[in-house]
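Asks: Here's my sequence, what's the structure:
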Amino acid sequence: MTRPQDELLERAHRLGADPRNTNYAGGNASAKGEAPDPVSGEPIPLMWVKGSGGDLGTLTEAGLAVLRLDRLRALAGRYPGVEHEDEMVAAFDFCLHGRGGAAPSIDTAMHGLVDAPHVDHLHPDSGIALACAADGEELTRRIFGERVAWVPWRRPGFQLGVDIAAIKAANPAAIGCVLGGHGITAWGESSAECEAHSLEIIRTAESYLAEHGRPDPFGPVVRQTLPEAERRVRAAELFPVLRGLASSAHPVVGRFTDSAEVLDFVSRAELERLAALGTSCPDHFLRTKVAPLVLDPEAAIEPQFEAYRAAYTAYYERHAVPGSPPMRGADPAIVLVPGVGMFSFGKDAQTARVAGEFYVNAINVMRGAESVSRYRPIEEAEKFRIEYWELEEAKLRRMPPPKPLAGRVALVTGGGSGIGAATCRRLAAEGACVVVADRDPAAAEKVAAELGDALAVRMDVTAESEVVEGVRQAVLAFGGLDLVVNNAGLSLSRPLLETTVADWDLQHDVMARGSFLVSRESARVMIAQGLGGDLVYISSKNAVFAGPSNLAYGAAKADQAHQVRLLAAELGEHGIRVNGVNPDGVVRGSGIFASGWGANRAAVYGVPEAELGAFYAQRTLLKREVLPEHIAQAVFLLTQLSHTTGLHIPVDAGVAAAFLR
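Replies: Below you'll find the model as predicted:
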């Protein structure tokens with residue numbers, strides 16, 4: 001026999017997999033049933049419901065809150081009224097079964113009080129379009145008749161659960177309801193019936209809007225969209241500037257969207273009016289702020305950000321009361337640029353992505369509402385009550401502290417193997433969004449796939465065009481750059497008389513010229529952002545130590561080492577720190593050593609290649625072998641030294657001849 005929670009998870013996955021049904025992490029679903037009491041063994045009534053912060057499409061059993069249904073419903077008799085509604089959330093903890101699973105969400109009462117075995121609460125664009133239409137109640141009646149009820153706007157919580165339970169009881173023919181300004185709720189006697197009812201409401205609303213909506217709800221086109229290639233170039237120019245200005249409170253990561261929905265919206269006459277009305281569904285504006293910044297790309301940008309911050313501060317001050325949480329920052333989360341697209345911002349890549357996705361949902365909602373009526377979101381005061389709700393603040397306080405590199409974007413050249421790959425992994429583990437740049441795209445893709453919020457780009461650092469394009473891709477992916485590691489390198493071990501001009505040119509092209517090109521293009525971005533940044537060169541002990549049969553490599557590394565000093569002096573006024581790491585021979589995991597350098601150096605020193613790492617270790621003061629992870633650690637530590645620039649850190653286990661003087 002299938003367990004109720006298994007049916008719930010299967011239904012949630014199907015509904016959550018289709019963005020027409022609900023947005024990422026939006027909505028919730030529940031199932032009621034019985035299970036043995038762990039003490040008495042007697043069956044007891046339980047409810048399984050998606051917990052706070054989960055996502056329907058990826059929900060697991062660990063993400064369900066499990067509550068005693070009898071105790072939850074008994075709370076209705078103790079409910080003191082809407083003035084004390086927030087107190088009821090704490091009471092959910094006394095209804096948990098066993099360890100209770102995930103933390104119950106604010107919508108738990110809705111699921112528990114509605115008298116149906118299975119309940120879905122979703123945020124479909126089509127349903128919210130009706131919920132946010134000026135005559136949404138009449139439209140709901142016209143479209144669905146008695147099959148779907150209308151629930152006037154009420155902030156999510158216990159009272160909303162009481163309201164929906166009463167409406168269901170008073171409308172026995174209803175399969176669900178449209179929640180004014182919010183979304184939809186559906187129910188059923190079985191999981192399959194509940195899902196069918198949810199989809200019936202969503203698809204019926206979609207069909208009505210498609211058949212009865214006017215074709216130009218946003219008005220005529222009044223701004224031309226740039227051609228794609230020109231648009232991407234312009235976006236890459238704008239993005240670092242916007243990201244820097246959007247980071248006045250704390251560092252943010254960006255996301256660029258130029259989908260058809262966005263480009264159409266920003267080209268239309270009604271853009272400013274509708275954008276000023278803001279989003280309505282609580283899931284939307286909690287992530288997008290109450291309204292976006294509509295940017296005039298032909299005017300000075302910084303004053304427009306200042307005006308947005310002033311307007312947001314005024315919004316906060318209009319509605320804040322004693323005890324309100326402090327303002328969380330007045331920077332926009334969404335910036336709309338006619339002709340170009342949308343830039344969304346968040347504390348990390350996922351938050352920025354979700355903010356952008358939610359604003360696309362909001363555009364779809366506005367289009368639907370305007371096509372059959374007028375878009376009328378909930379009142380500003382209600383938005384504030386939710387945005388600065390103490391329950392939302394408590395949720396934020398429960399989140400783990402940010403990692404050291406949260407909100408920062410790192411690019412590592414030669415990131416597909418060896419020191420570069422280890423550095424990518426360490427920076428990602430510390431919270432950075434990582435761009436893995438390598439001339440071998442497959443190697444870069446393999447490393448990026450391990451990291452989560454990462455991008456792989458092809459970059460031969462000797463080719464100016466590839467460096468320019470790789471940096472542009474990094475900017476379009478995350479909004480800018482904060483940390484760049486010049487790691488790409490190779491080595492040919494030959495004595496002077498056997499070193500060819502081609503040998504010399506190749507090594508200087510990769511390490512001297514390549515580092516120059518990467519630093520130049522990265523510095524352009526960092527200066528535009530105005531956030532400072534870090535350039536880190538992976539140089540070598542050979543930059544200061546005169547080793548045998550090593551002229552071209554040692555000279556190229558010395559060039560890199562002096563670039564560190566020169567750029568530290570030049571870029572300091574922009575807050576950009578430039579430092580270097582001087583490794584000794586990193587044998588294990590090294591692409592350079594595996595490609596022939598190891599065999600050459602082993603021959604020079606007269607040891608078997610398999611023992612080269614141990615040989616290097618024995619010539620050091622600490623008698624330890626240097627590994628890629630040790631270089632990655634030094635790179636990370638340099639990012640934490642806020643007052644250090646022009647420094648070279650030896651990571652060689654102690655080679656006295658390479659001491660810096």
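
Asks: host element of residue 98?
Replies: strand 96-101 (DSSP states H and E).

Asks: can you check residue 121 too?
Replies: strand 118-122.

Asks: Walk me through which strands the strand holding residue 98 pairs with, and which way each runs.
Replies: Applying DSSP bridges, strand 96-101 is found paired with strand 64-68 (antiparallel).

Asks: Touching the strand holding residue 98 from outside, list them.
Replies: Under the contact criterion C-beta atoms under 8 Å, 6 or more residues apart in numbering, strand 96-101 has outside partners 35, 38, 44, 46, 48, 51, 61-68, 93, 104. C-beta coordinates here come from the backbone N, C-alpha and C atoms, glycine included.

Asks: go on, stretch 440-455?
Replies: 253, 348-350, 415-417, 421, 424-425, 428, 433-438, 456-458, 473-474, 477-478.

Asks: Which of these fall in helices?
Replies: 349, 350, 421, 424, 425, 428, 473, 474, 477, 478 (DSSP state H).

Asks: Next, count neighbours for the fifth one.
Replies: When you say that, I think you mean residue 425. 21 (other C-beta atoms under 10 Å).

Asks: domains of this protein?
Replies: Here the domain parsing of the chain from automatic domain parsing is 4-212, 228-397, 409-592+626-658.

Asks: Pull the most distant pair out of the ones in helices among the contacts of stretch 440-455.
Replies: The span of the ones in helices among the contacts of stretch 440-455, defined through C-beta to C-beta, is set by 350 and 421 at 22.9 Å.

Asks: of those two, who's got more company?
Replies: residue 421 (26 against 16).

Asks: these two touch, right, the more buried one and residue 415?
Replies: Yes. Using C-beta atoms under 8 Å, residue 421 is in contact with residue 415, at 6.1 Å.

Asks: Mutual contacts of these two, please.
Replies: What both residue 421 and residue 415 touch, as defined by C-beta under 8 Å, 6+ apart, is the set 436, 447.

Asks: So residue 35: helix, strand or coil?
Replies: strand (DSSP: H, G, I helix; E, B strand; the rest coil).

Asks: what's near enough to touch the closest residue to it other than its chain neighbours?
Replies: Excluding its sequence neighbours, the residue lying closest to residue 35 (C-beta to C-beta, 6 or more residues apart in numbering) is residue 46, at 5.3 Å. By C-beta under 8 Å, 6+ apart, residue 46 lies in contact with 4, 32, 33, 34, 35, 66, 67, 68, 69, 97.

Asks: of the residues you listed, buried ones?
Replies: Buried members of those, scored by 16 or more other C-beta atoms under 10 Å, are 4, 32, 33, 35, 66, 67, 68, 69, 97.

Asks: And those, which is the shakiest by pLDDT?
Replies: pLDDT across the buried ones among the contacts of residue 46 is lowest for residue 35, at 90.

Asks: Residue 365 reaches residue 281, doesn't it?
Replies: Yes. With contact defined as C-beta under 8 Å, residue 365 reaches residue 281; the gap is 7.3 Å.

Asks: Report the set of residues contacting both of those two.
Replies: With C-beta under 8 Å, 6+ apart, residue 365 and residue 281 have common neighbours 128, 132.

Asks: quick one: the helix or strand hosting residue 77 to chain centroid distance?
Replies: Secondary structure assignment for residue 77, by DSSP H and E: helix 69-78. Centroid separation for helix 69-78 versus its chain: 38 Å, with C-alpha atoms, centre = their mean, to the nearest Å.

Asks: Can you mark which positions in that helix are buried?
Replies: Here helix 69-78 shows 69, 71, 72, 73, 75 as buried, counting by 16+ other C-beta under 10 Å.

Asks: Same check on stretch 54-64?
Replies: 54, 55, 56, 57, 59, 63, 64.

Asks: Out of the buried ones among the contacts of residue 46, name the two that are farthest from one another.
Replies: 4 and 68 (14.2 Å).

Asks: quick one: low-confidence parts of this structure?
Replies: 394-396, 589-598, 600 (pLDDT under 70).

Asks: So for it, which residue is the most central one in space?
Replies: residue 350 (1.8 Å; C-alpha atoms, centre = their mean).

Asks: so what's residue 554 closest to, chain neighbours aside?
Replies: residue 542 (4.3 Å).

Asks: typed the wrong thing, it's residue 53
Replies: residue 25 is the one closest to residue 53 (C-beta to C-beta, 6+ apart), at 6.8 Å.

Asks: Output the ones in helices among the contacts of stretch 440-455 as JSON lines; include the columns distance to residue 485.
Replies: Converted to JSON lines, these look like this (distance: C-beta to C-beta, whole Å):
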{"residue": "349", "distance to residue 485": "19"}
{"residue": "350", "distance to residue 485": "23"}
{"residue": "421", "distance to residue 485": "11"}
{"residue": "424", "distance to residue 485": "9"}
{"residue": "425", "distance to residue 485": "12"}
{"residue": "428", "distance to residue 485": "13"}
{"residue": "473", "distance to residue 485": "17"}
{"residue": "474", "distance to residue 485": "12"}
{"residue": "477", "distance to residue 485": "17"}
{"residue": "478", "distance to residue 485": "15"}
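
Asks: Nearest to residue 602 among those residues?
Replies: Out of those, the member with the shortest distance to residue 602 (by C-beta to C-beta) is residue 421, at 23.2 Å.

Asks: isn't residue 490 right next to residue 506, touching?
Replies: Yes. At 7.3 Å, residue 490 counts as touching residue 506 under the criterion of C-beta under 8 Å.

Asks: before we move on, back to that, any figure for the gap between the residue nearest to residue 53 and residue 127?
Replies: 17 Å (C-beta to C-beta, to the nearest Å).

Asks: Of the two, which one has the most company?
Replies: Each of residue 25 and residue 127 has its neighbours counted (other C-beta under 10 Å); residue 127 has more, 33 against 21.

Asks: Could you identify the most distant pair in the contacts of residue 46?
Replies: Top of the distance list for the contacts of residue 46 (C-beta to C-beta): 4 and 68, 14.2 Å.

Asks: Which parts of the stretch 351-500 of the chain are helices?
Replies: Applying DSSP state H, counting those that start in this stretch to the stretch 351-500 of the chain gives helices spanning 380-387, 390-398, 418-429, 441-451, 464-478.
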